[in-house]
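Participant: Sequence below, structure please.
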Amino acid sequence: MKRIALLSLFLLHCSGEELHDRPPQSHDIQPWLLDEASERGVDFSWISGDTGKFNMPEIIGGGAAMLDYDNDGDLDLYFIQGGHLGSLKTESNVLLRNDDGIFTDVTRLSNTGDTGYGMGVAIGDFNNDSFVDIYITNVGENVLLKNNGDGTFEDVSVAARVNDQGWGASASFADFDQDGDLDLYATNYLVWTDALELECFNDKGVLDYCSPTNYMAPARDVLYRNNGDGSFTDLSEPAGIGTRLGTGLGILCNDYTGDGRIDIFVANDGMADQLWMNNGDWTFTDVAPQRGCALDDEGQPKAGMGLTSADFDSDGDLDILVCNITGESDSLHRNEGNFFTDATASQGIRTATRHATRFGLGWVDFDNDGVLDLYEANGLVQQIGTPTTDDPFAEENYLLRGHTNGWTLVKGSVDSSLVHTSRAAVFGDVNNDGGIDVLVINRDAPAYLLMNQVEQRGNFVSLTIKDKHGKPAIGTVVAATLADRRISFPVQSSWSYLAANDSRIHIGLAGETAIEDIKIFWYDGTTSMHDSFGAGFHTISQQVQ
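Facilitator: Model (predicted):
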């Protein structure tokens, strides 16, 4: 094992602001989110397999998904497990079926208990049979589980040719060529094996986890084209993706360039982020430097981990929020059409977010007031400061309330007893009551199932957008009028960190009764118009032309 001095990223990337300046806080309120994991039958901990050797994968995972695998109208939960690195691993992933709000373990029955050292997950119906499939990223061979439609899954990784052998992180299904079936992109974090592990020391001279930059081993992401016959073709090299190495952790797949094609944004840890513009011919060009979203406003790369995307400023295009490490604020990239501007400071996020290491995050409207709130799952990657619990990496998670002019940290909105090393945060309406809930994965501690308890929550519209094949129309954008605002809402699942989220569009109505003047920009380039949708749940299916 090599010995190397640990780079203290939380110091290297500080912007000069004093760390003791605390973020602005609004008045105390009753907790918006209460953990009901135990009451609802959720009992899962992501096991790091920590042996005291500080192997890098132990501090990075893990992920989870909200998905309706049995098409019964409610969200089931799929947990990605870490375990112990090496051949002796026995721990497996876990599938919990939602039975009227109580979860039942159906892992063995469904054949979903992959035993790889798991990182992240993507969901999507890759074979257009109306049943959602599962793609798992591992430290080692990735796995594709095909949903058989009878409550069971089949491992088709080898036959489908998507069993990449790297250190997978986030992944996303999307139809990059607009042909009606889902293609696949998976990030890889580092070129790593146990034999390549380093010995690093923090600024106290204590053995600790390394920075990714210590390894000098960025990895190649993979891009697969769906052949329509159950198999995929690796187009990473001819597409241009494979020619650029990175330390990819987070992924978004939406149209960020306004040409109607799905682009790819990758958050790289300690390296410039990438915006792969889809050229429409199975080639992609990284336009992040030209469009101003590769680096922060001081021209520096940050420790990009999780991502979330929405039209926060109601101007019709999708903006991007990247979360980072302690000492670095989040990066809010406001989409101006042909370029991005840094809106981190002007929206109150710079001060509010730089005091923790953030991973999973989501722009969602918890109180249905028509303005996006922000939840962030936090946990250190290095032993700094004085621990407040037995876990030296534990940090309190954040909930920031959205206002028309930015976000403020809401004191008391999160149960202060819930302090662990959090990683993935997965968002969706678990009990179909019109409030967004959050599943949080913790390192070596029980997961939280945070149920929405906001008092006097406003009304809502929930839209299930299905394409002509009957699957969620990932990459489609719904533009609608809410009061005096025109807002775009993407159909997306792969965002946050190592997570697959509820793909339904959730819209808080504030004091309104409906959304109006709806135009749907389908991922295949077609459009459709709809008058209005009142409060409640609705399904819109693309018409076969």
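
Participant: From one end of stretch 140-154 to the other, what's the distance?
Facilitator: This stretch, stretch 140-154, spans 19 Å end to end (C-alpha to C-alpha, to the nearest Å).

Participant: May I see the buried residues of it?
Facilitator: Buried residues in stretch 140-154, counting neighbours by 16 or more other C-beta atoms under 10 Å, are found at G140, E141, N142, V143, L144, L145, K146, N147, F153. C-beta: built from backbone N, CA, C; applies to glycine.

Participant: Stretch 293-302 too?
Facilitator: Burial within stretch 293-302, assessed by neighbour count using 16+ other C-beta under 10 Å, is assigned to C293, A294, L295, D296, D297, P301, K302.

Participant: Averaged pLDDT, that stretch. What do you get?
Facilitator: Taken as a whole, stretch 293-302 carries a mean pLDDT of 88.

Participant: Output that stretch as CSV, nothing but the C-alphas.
Facilitator: Taking only C-alpha atoms (Å, rounded to 0.1, in the frame of the first residue of the first chain), the coordinates of stretch 293-302 have been written out as CSV:
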residue,chain,number,x,y,z
CYS,A,293,-21.3,25.1,-16.1
ALA,A,294,-18.0,23.2,-16.0
LEU,A,295,-16.5,25.2,-13.1
ASP,A,296,-17.6,27.5,-10.3
ASP,A,297,-17.8,31.3,-10.6
GLU,A,298,-14.1,31.5,-9.6
GLY,A,299,-13.1,29.1,-12.4
GLN,A,300,-12.4,26.2,-10.0
PRO,A,301,-13.6,22.6,-10.2
LYS,A,302,-15.6,21.4,-7.1
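
Participant: quick revisit: give me the subset of the buried residues of stretch 140-154 lying in strands.
Facilitator: V143, L144, L145, K146, N147, F153 (DSSP state E).

Participant: just checking, next helix/strand downstream of the strand or helix carrying R423?
Facilitator: In this assignment (DSSP states H and E), R423 forms part of strand 422-428. Remark: after strand 422-428, the chain's next helix or strand is strand 437-442, criterion DSSP H and E.

Participant: Widest-spaced pair of the ones in strands among the buried residues of stretch 140-154?
Facilitator: With C-beta to C-beta as the measure, no two of these lie farther apart than V143 and N147, at 13.4 Å.

Participant: hang on, the earlier thing: export the ones in strands among the buried residues of stretch 140-154 to TSV and tack on distance to G228 and pLDDT?
Facilitator: Supplementary listing: these in TSV, determined by distance: C-beta to C-beta, whole Å; pLDDT from 0 to 100:
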residue	distance to G228	pLDDT
V143	21	99
L144	15	99
L145	19	99
K146	14	99
N147	17	99
F153	21	99
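
Participant: Quick check: A345 is in a strand.
Facilitator: No - in this structure, A345 is coil, not part of a strand, as judged by DSSP: H, G, I helix; E, B strand; the rest coil.

Participant: Pull the contacting residues for it.
Facilitator: The neighbours of A345, taking C-beta atoms under 8 Å, 6 or more residues apart in numbering as the test, are D297, T351.

Participant: ditto for G118
Facilitator: For G118, the contacting residues are G61, G62, G63, I80, Q81, G82, G83, N93, I136, T137, N138, by C-beta under 8 Å, 6+ apart.

Participant: Burial check on D390, number of neighbours?
Facilitator: 6 (other C-beta atoms under 10 Å).

Participant: What of the one 4 residues further on?
Facilitator: When neighbours are counted by other C-beta under 10 Å, A394 registers 20.

Participant: and it, what are its bridge partners?
Facilitator: G379 (DSSP bridges).

Participant: Model confidence score at it, please.
Facilitator: Per-residue confidence for A394 comes out at a pLDDT of 88.

Participant: And for the one 4 residues further on?
Facilitator: The predicted local confidence for Y398 comes out at a pLDDT of 89.

Participant: Show me the shaky parts of this structure.
Facilitator: Counting by pLDDT under 70, the ranges of the chain that qualify are 1-29, 87-88, 385-388, 411-416.

Participant: And the helices in it?
Facilitator: 9-12, 107-110, 157-160, 212-215, 236-239, 288-291, 349-353 (DSSP state H).

Participant: Now distance to I320 and mean neighbour count too, for the ones you listed, in CSV please.
Facilitator: Converted to CSV, the helices of the chain look like this (distance: least, C-beta to C-beta, whole Å; neighbours: other C-beta atoms under 10 Å):
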stretch, distance to I320, mean neighbour count
helix 9-12, 21, 18
helix 107-110, 35, 15
helix 157-160, 30, 16
helix 212-215, 21, 20
helix 236-239, 21, 17
helix 288-291, 10, 17
helix 349-353, 12, 22
